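# sequence and predicted structure are below.
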Amino acid sequence: MQIYKVGGAVRDRLLARPVTEVDWVVVGAQVEDLLAQGFRPVGADFPVFLHPKTGEEYALARTERKTGQGYGGFTFHTSPEVTLEQDLLRRDLTINAMAEDAQGQIIDPYGGQQDLQHRVLRHVSPAFAEDPLRVLRVARFAARYADLGFQVAPETLILMRQLSESGELLALTPERVWKEISRALMEAHPDVFIQVLRECGALAVLLPEVDRLFGVPQPELHHPEIDTGAHVLLVLQQSAQHRYPLEVRWAGLVHDVGKGTTDSREWPRHIAHETRGLPLIRALNQRWRVPKACQELALLVSEFHTHAHRALELRPATLLKLLQQLDALRRPERFELYIAACEMDSRGRLGFEQRLYPQAAYLRGALRVARQVEPQPLIEQGYKGADLGEALEAARLRALALYQASRSGKAL
């Protein structure tokens, strides 16, 4: 029995990047051998075991054969006769198909080290095209390693395009697709993920609402980049640079999908794109079973991002209504994410990346003022029921009017 470190741990060590988890492959053994040493079996699809002390994953060397559609459409074969090279051959990219023995020697039968040096993401074998999930994985690796200059090999991109055109992507489960999308959005360059998906045709299959934004113009005065798709990529760049959480990044990706439904005769204007985008976002959220927090923020940002941009011009009544529609008084943490997403939308424009966004502080101040108006003094004055609600709203309106006047320097 021989044990090798494999996959990402080997790749990232050679790239001098932090190794976050270690996977192992066991050659020349069978299930009973690992059970006898105290390994705990996990996973129903193929024999993977947890080390009794470290908890790291150890998998028996295996080969696989395509038998159906999608990520799960494979049968696996394990036996002591399966070699390390055979196990590595079934992996997606050459840079993930290297192993390291106990002495630190690298076993690299498919040129992974050379592709690391040349900064190339290249498939190991034609079997790459049997697993549609690999389209998303390669795009995610491109997003992760963009800073290092990695590019997808042209021949790999051809296979990704073939997969995108085959219908296989739609055989993936929503959970697997969302896992890859969410992980990719949290990489250092989520915009590269979207670009690679678009280049191979997968964006049009998985996120057609986003794909159709490319080529749709916006007013140059407000959007020097003009193209709506380019704007979305810039928003993702800004969200990543400011290290905002997944909810903000998902909202940034989909906030302008309504512009994809504008009649071309109305370009570059996009009247009511905020609300036109809502059914599209609901469909996206449902299609990929997006977590509730991401769903909610995406819808709020789509509907109300222009309100944030115009916050300094809003009348007190409109400002209070916005706070109520966002449920900001009860959910200030989500309100902060809304402000962040709107600021990233503002900064995600060519030449606007460093522009100040005073609307953020103004909105935070408005919420603070509104929350300072508490119901208890009104209750003590005898207000109750509907009358209490009306009195509370009137008091908050007065407070916001004073706040607005103080910020603008005007006297009431």
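Arrived safely. Numbering: from 1, shown residues only.

# low-confidence ranges in the stretch 1-150 of the chain?
43-46, 66-75 (pLDDT under 70).

# could you pull out the helices for it?
8-14, 31-36, 84-89, 112-118, 133-144 (DSSP state H, counting those that start in this stretch).

# the following helix or strand past the longest one: partners in the sheet, and parallel or antiparallel?
This means helix 133-144. Tracing the chain past helix 133-144, the next element assigned as helix or strand by DSSP states H and E is strand 151-152. Strand 151-152 has the following strand partners under DSSP bridges: strand 120-121 (parallel).

# any chance you could map the strands in the chain?
2-6, 23-27, 40-42, 48-50, 57-60, 62-66, 74-78, 99-100, 106-107, 120-121, 151-152 (DSSP state E).

# ok, Gly104 - contacts?
For Gly104, no contacting residues are found, by Cβ atoms under 8 Å, 6 or more residues apart in numbering. Backbone N, C-alpha and C define where each C-beta goes, glycine included.

# cool, Ile339 as well?
308, 359-360, 363-364.

# circling back to that earlier point, what's the closest of the helices of the stretch 1-150 of the chain to Asp256?
When the helices of the stretch 1-150 of the chain are compared by Cβ to Cβ, helix 133-144 sits nearest Asp256, at 20.4 Å.

# what comes into contact with stretch 216-233?
Contacts of stretch 216-233 (Cβ under 8 Å, 6+ apart): 191, 194-195, 198, 210-211, 213-215, 234, 252-253, 255-256, 259-260, 262, 267-270, 348-352.

# drop anything exposed from these.
191, 194-195, 198, 210-211, 213-214, 234, 252-253, 255-256, 259-260, 262, 268, 270, 348-349, 352 (16 or more other Cβ atoms under 10 Å).

# for the contacts of Ile339, which one is nearest Leu323?
Closest to Leu323, out of all of these and judged by Cβ to Cβ, is Leu363, at 8.5 Å.

# the closest one contacts Ala311, correct?
Yes. The criterion here is Cβ atoms under 8 Å, and Leu363 meets it with Ala311 at 5.3 Å.

# quick one: contacts for Ile281?
209, 254, 257, 295, 298-299, 302.

# so how far is stretch 181-198 from its chain's centroid?
In terms of Cα atoms, centre = their mean, to the nearest Å, the centre of stretch 181-198 is set 7 Å apart from its chain centre.

# pull the CA atoms of it into CSV?
Provided in CSV are the C-alpha atoms of stretch 181-198 (Å, rounded to 0.1, in the frame of the first residue of the first chain):
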residue,chain,number,x,y,z
ILE,A,181,-21.0,30.0,-8.5
SER,A,182,-20.9,31.0,-4.9
ARG,A,183,-17.3,29.8,-4.5
ALA,A,184,-16.2,31.6,-7.7
LEU,A,185,-17.9,34.8,-6.6
MET,A,186,-15.8,34.8,-3.4
GLU,A,187,-12.5,34.5,-5.4
ALA,A,188,-10.2,37.5,-5.8
HIS,A,189,-11.4,38.0,-9.4
PRO,A,190,-15.1,36.9,-9.7
ASP,A,191,-15.4,39.0,-12.9
VAL,A,192,-12.9,36.6,-14.6
PHE,A,193,-15.3,33.7,-13.7
ILE,A,194,-18.1,35.4,-15.6
GLN,A,195,-15.8,36.3,-18.5
VAL,A,196,-14.7,32.7,-19.0
LEU,A,197,-18.2,31.3,-18.7
ARG,A,198,-19.3,33.8,-21.4
